Every structure is written in structure tokens, then in C-alpha cells.
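Colleague: Quick one: sequence plus predicted model below, questions after.
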Amino acid sequence: MELKVEHIETDFLVLGGGTAGCYAALTFSARSAAKVLIAEKANIKRSGCLAAGVNALNAYITTGHTPQDYVDYARTDAAGIVRGDLLISMSRGLNRAAQRLEEIGLTIQKNPDGSYMARGERNIKINGENIKPLLAAAVAKPQVTVLERVAACSYIMGADKRVAGAYLVGVDDPVLYVISARAVLCATGGAAGLYRPNNPGFSGHKMWYPPFNTGAGLAMGIQAGAEMTSLEMRFVALRCKDTIAPTGTLAQGMGARQINSLGRVYEQDYGLSTSARLYGTITENLEGRGPCFLRTVGATSEQDAEIEKAYLNMAPSQTLRWLESGLPPSQKNVEIEGTEPYIVGGHTASGYWVDTHRETTLKCLFAAGDVAGGCPQKYVTGALAEAEIATEAAISYMSDELKQTDIEQTQRIKVWLESHLMRTMPETGDTVDGLEEEMQALMDEQAGGITSNYQYSQASLEQAAAGIYSLSKRAKALSVPDMPELTYLLELRERLIVCRSLLAHLAARKESRWPGFAKHADYPEQDDSFRCYVNSKLEDGKVKVLFRDLVEEGEVYEHHDR
Amino acid sequence: MSIMIDDAACRGCGRCTAVCPGSLISLNKNGKAWIRRPQRCWGCASCAKECPVEAIALYLGADIGGAGGRMTVAQEGSQLTWTLRMPDGCEQSIVVNLQDANSY
């Protein structure tokens, strides 16, 4: 099959029309008269993390608190490995982002004095079912072009490590899009599907993070030589068993405590950080006191009704479970378990290494949301605040003119993609799904997935790296019949690229800093010589690891050695 | 979780095919919606909310303890009505108004 080449020019190219991407386009159109193009793999109305909705805005500076309080919370939760400069600028933008969401139509509960009603210290109450349709509607403006059903696969590289646009491929039609831009924002989200999921069979995609976030932007950056940070700080969510629905609504919202099978509340034995809540659950299970639950029995029938509604606004499967079983929260405690690990910069600190203004180490390439590193606990409002900061930087740094696209570079991409669409390739018996399953099993068993209780060793990581190398070679020989299957193939490739870098990061951090998220069996304790960032970049086909000193709030970090 | 599309009810408007965040739904040669690889469904319910004739039902897979219930959703203005139908014919509905914030 031959790909038709289509050239498009814009001023600001936004890769990914999720939470951060839509808000970036919205910000750009309010501050500049230039053109912006959102390139989205699916449809911006429901793409990204917020497809089903979100229960609350989890990052807000409530009355009596300051942005610095939020920074302190995020730093403690990440055991020190955060960028102070990024966290403080994000925290200062949280409330403005919430207000903007209300302006575009989001329901936010208010107090009699007009302030937003808090849920705990950092959350505000909303109805977030339609948050993504609202964001999508807000970008319907003449200067914003939305190109949907296109999958980004590579940056257009200009001279001097400058990003001049991106190559994208049609999800349905055999078209290679060559989009030239004066600045590019990567907002493609994090990476799910690297590890074998909780429900590896038919319900394999019933996972916490969107299974369609496959690490495209991370892989594109890695391949182009961008520096990445803290990939080893994987995120593992504590979720309702089977449906993998959120637990926060039950725990923080209605105050349900974590109990073991003996009925004993165990959470205070381990601490209340995100990873400690998980670590406690894993340990109780390992020591024979599982399964673990959120104690919801004793709730009122009014509470049942409110909770069932709340879950419909973000995770309808859990309400379906309660209704179908006839056992609402008041009748049966909700069993909880840890998910497989994800790479997600909105919760932990993994992603692109950026300067204070969110420019990556590749010139004219900016990053925001789950793909941007150093700045955990973003949640929705943090992703919006970061998109705003990155967009403002993009406006001021944009290169003056569009670079002429290198014909040879385009030809190389075209030939590579077409090689996978040819039927004449040697028949190896390998399939995209088969290799994906092998990759997930390998990562699960050797690189700290669910079945290994998130534990790995130097020896197991080496075995995983050898396996990923071999799977990558086999993936290069895959052949697919049509464009939708080519997208799946590209997603497999992205995941394999992210896995390779992730394994190097896990091996480099010779300590165990986040109990629950990961345990390095050879170095089971926290070691303060690792109070630094583990960064990496691809050089001559090898992942090169760098250690960088912590950056505090008050500092302005620039890429002096990129 | 995945979805089941009622072929007889589907009018082929294609709204579900556009909105799926996984680009999993297309129209077949009879002009009816069908899901390519149901096991790749995330369970977000975007397609079911988009369907004007409630032809798309959500269900829990047997591997995660699904008991045969089918849930559809109808939207009217800011009001979403979710309805669960069990194999024995029992039915129950929950109405959510998007102008009401979640209590928890």
C-alpha cells in the first residue's frame, strides 16, 4: 500500500487534543492571532484521560492555603524528587484554571459567599462528566484547526536539534501528514499498556489510565534525542478490584477507611502518601491478611445513591457492578488492589525534561500535561496551568519562519511506514497483539509488575532489557493489512521504545525510594546519594543515563548543556 | 467492560464512530455500527451517550464478574438517564443532572 503525502503548515502545532492540548489551543487563540492546529489520534470531544469524566478537581488552593503548601505536599508525596520551579509555577495557576473551567460551563459547587466548595484540603466539588466536551467546544474558533484521527509518529527535525513540525499517519486512510510549524507542543499523554494489566483477558483495557495513551510523544522525544526524567518513578493506582474504578471518592469523599480481611484498619500503620496507601495494601496481602477493602458497610441508602451517581460521572462500570450485584457500598465493602505501573507525569514526575518555561531539550518543542516530567500531582487543573505556561513560552520563542521540510527525511518516514504495509515481508508468525502480550508479560515478571509485587533486581532488569531488544527487532518485521492495524503497530513500537528507556532508569536508581511503587531487591532501602534526578537520552542507539541536581522553587532552570 | 450494539435499533448515524477515544467503532457494509476488537474498549461510555436511539449498551465482561446486565444511557439537555436491564427483565434507572455537583 502506498501512502499519499499531504503537507500542512501552521504556526503552533499541538500534538494531542486531550486536557492539556485543548487548553493550550484555547490559551493560544486568546493571546495570539496566529494559527494553531490540534492533531488528535481520536476525537477531541472524548479523547484523553477525561473521556468518562472526572469526579472532582483534585488540585486547587483552598481558603487558608498557599501555592507553596501545594508544592510541599507534592514534594513529600514524591519523597523529594520534584522540580520546585515547575511545581510552584503550576500551583500559582491552579485556581485560574478552575475559574476558566467554570467560565466554559463546568458545574462547580459554591459556598454561600461565592467561593468554591472544598472537599478536603486540596479538592473542589464539581460535576465533571462533561468536562471534555466543554473543553472541545471551547476551542471551536476560526483560528483553531482540529485534525482528527491522525497518529503522530515522528518529529520533523531541523538543523541544530530544532523541532520544525511532526509526521502523522492517518488512522483510517493511507495518508502521511507532514505538518510544519513554528513551534510544537507535545501533549500526547503518558503511557499505559507497558505492563500486563490487572485483567489480562477480555477486559484487558479496563484499566486506570486510558489504554489509548500509548506513549507516542515520549517515544518521539526519545528517538529524537530529547532528555527524559524520572521514568523510574512509575505510578501505580490503588483501585476497586475488577472494575479498576477510582477509590478516592470512597476514601476521601465519604471517609471510608482501608481495612484488611480481619476487619482491622491498617492505613495508619504505613502512612497516607499515595504510594504508602498502596504499599500497605500490598504488604497486608503478602503477609496473609488480605484481601483488603474500603470499609463502606454502614453507609446510608442516601449515601449509596449519591455514590452511585458520582461513579456514573467518571467510571460507570463501578455503578454497573453495584446495580448488577444488588450489593451497593452500604451492603458490601469494596475490595481494592494495585494496578499495573504506568508512566504518567500528571501523577508522578516522569516525562520530558523541560526548562522552567516548559521547553524541552529540543528547541521549539514544548511539553505539558502527562508527557511533561518533574511536576507531579498535576491532575486536571495542573495540566491546564502547565499548558498555559508552555503556550505562553511557545508564543514568545516561536521561530520566525517555517523551515523547508527536508524531502529526504519525509521519504525515509514514508518508506519505513509503507514497509509495514507490504504483504511481501517474510511471514514470521508474529502479530501485533502477540508481541504486545509478550512485552507486557516480560515487563510484569522481570521489571516489577503486579505478579512480582512491583519488585525487580539488577539481574531481572537485564533479562527484561534483552527481551525488549529482541521484541523490538521482531516488531520491525511485522506486516499489517490496513491503516487501523498500522496504528496498533505504531503503538506497540512506542511502548517498546518507552520500555527500553524505563528499564535504564529503573537500573540507574540503585535504591528503593517509593515503597509500593517499586522495590529494587538489590537495594531495598532509600539512599540519600540518590536525592537527584535520573535523566536519560538516546545517543548512538544507546540510552545514556545522567544524574542531575535537584532544582528548587525560586530558581529559573535553563538548558545550558543540551 | 465493553459495549454491545443492537443492530436492529442502530440507525447508522455514525456519531459513535466519531467519538470513540480508541477509534474502535465503524459502520459495516450494511451501514450499522460495529466495534472492531471489543476487548480494546476502555468502558468510558462516550459512544452510548452519543447514540440517539440507545442502541449501545455497556456490560461487564465475564472475566471481571459480569452477570449479564446491560446499561444504556439517554441524554436530554443536562440530564443523563442511565438504565440497567438484567437478563431476568428487571430494570432500574438512575438520573444524573450535570448541573448538580457530586456530593463526594
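Modeller: Looks like it came in fine.
Colleague: show me what contacts the residue in the stretch 401-550 of chain A positioned nearest to chain B?
Modeller: Here the residue of the stretch 401-550 of chain A nearest chain B is residue A:484; by C-beta to the nearest C-beta that distance is 6.6 Å. Every C-beta, even on glycine, is put in place using the N, C-alpha and C of the backbone. By C-beta atoms under 8 Å, 6 or more residues apart in numbering or on different chains, residue A:484 lies in contact with A:171, A:172, B:23, B:36.
Colleague: again with residue A:221
Modeller: A:155, A:186, A:228, A:352, A:360, A:362, A:365, A:367, A:371.
Colleague: hang on, the earlier thing: quick check: which element contains the residue of the stretch 401-550 of chain A closest to chain B?
Modeller: helix A:483-508 (DSSP states H and E).
Colleague: Over to residue A:284?
Modeller: Assigned by DSSP H and E, residue A:284 falls in helix A:274-286.
Colleague: any idea of the mean pLDDT in that helix?
Modeller: Regarding helix A:274-286, the rounded mean pLDDT is 93.
Colleague: need the next SSE after that helix, C-terminal direction.
Modeller: According to DSSP H and E, the helix or strand after helix A:274-286 is strand A:292-294.
Colleague: Quickly run through the sheet partners of that next one, with directions.
Modeller: According to DSSP bridges, strand A:292-294 forms sheet pairs with strand A:258-259 (antiparallel), strand A:334-338 (antiparallel).
Colleague: Name the residues of the last one that come out as buried.
Modeller: So the one you mean is strand A:334-338. The neighbour-count check on strand A:334-338 (16 or more other C-beta atoms under 10 Å in any protein chain shown) flags A:334, A:336, A:337, A:338 as buried.
Colleague: what's the distance between it and the middle of its chain?
Modeller: 22 Å (C-alpha atoms, centre = their mean, to the nearest Å).
Colleague: Measure how far the next helix or strand after it is from the centre of its chain, please.
Modeller: Downstream of strand A:334-338, the first helix or strand assigned by DSSP H and E is strand A:351-352. In terms of C-alpha atoms, centre = their mean, the centre of strand A:351-352 is found 10 Å from the chain centre.
Colleague: picking that back up, compile the strands paired with strand A:292-294 into JSON lines and extend it with columns for mean pLDDT.
Modeller: Shown next, in JSON lines, are the strands paired with strand A:292-294 (pLDDT from 0 to 100):
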{"stretch": "strand A:258-259", "mean pLDDT": "96"}
{"stretch": "strand A:334-338", "mean pLDDT": "97"}
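Colleague: Out of the ones you listed, the one nearest residue A:208 is which?
Modeller: For these, proximity to residue A:208 was assessed by C-beta to C-beta; strand A:334-338 is nearest, at 9.9 Å.
Colleague: ok and that closest one relative to helix A:274-286, angle-wise?
Modeller: 110 degrees (axes from the mean of the first three to the mean of the last three C-alpha atoms, to 10 degrees).
Colleague: Show residues contacting strand A:334-338.
Modeller: By C-beta under 8 Å, 6+ apart, the list of residues contacting strand A:334-338 reads A:198, A:236-242, A:247, A:250, A:256, A:258, A:278, A:281-282, A:291-294, A:296, A:450, A:454, A:516.
Colleague: again with stretch A:511-529
Modeller: A:78-79, A:81, A:232-236, A:275-280, A:282, A:338, A:341, A:348, A:448, A:453-458, A:460, A:506, A:509-510, A:530.
Colleague: mind redoing it with 7 Å?
Modeller: Here stretch A:511-529 makes contact (C-beta atoms under 7 Å, 6 or more residues apart in numbering or on different chains) with A:79, A:81, A:232-236, A:275-276, A:278-279, A:282, A:448, A:454-458, A:510, A:530.
Colleague: Please apply the same query to stretch A:266-278.
Modeller: A:76-77, A:236, A:238, A:257-260, A:279-280, A:284, A:338, A:514-517.
Colleague: Show me how far that stretch is from its chain's centre.
Modeller: Remark: stretch A:266-278 is offset 23 Å from the chain centroid, using C-alpha atoms, centre = their mean.
Colleague: hmm, back to that, farthest pair within the contacts of residue A:221?
Modeller: Farthest-apart pair in the contacts of residue A:221 is A:155 and A:228; separation 14.4 Å (C-beta to C-beta).
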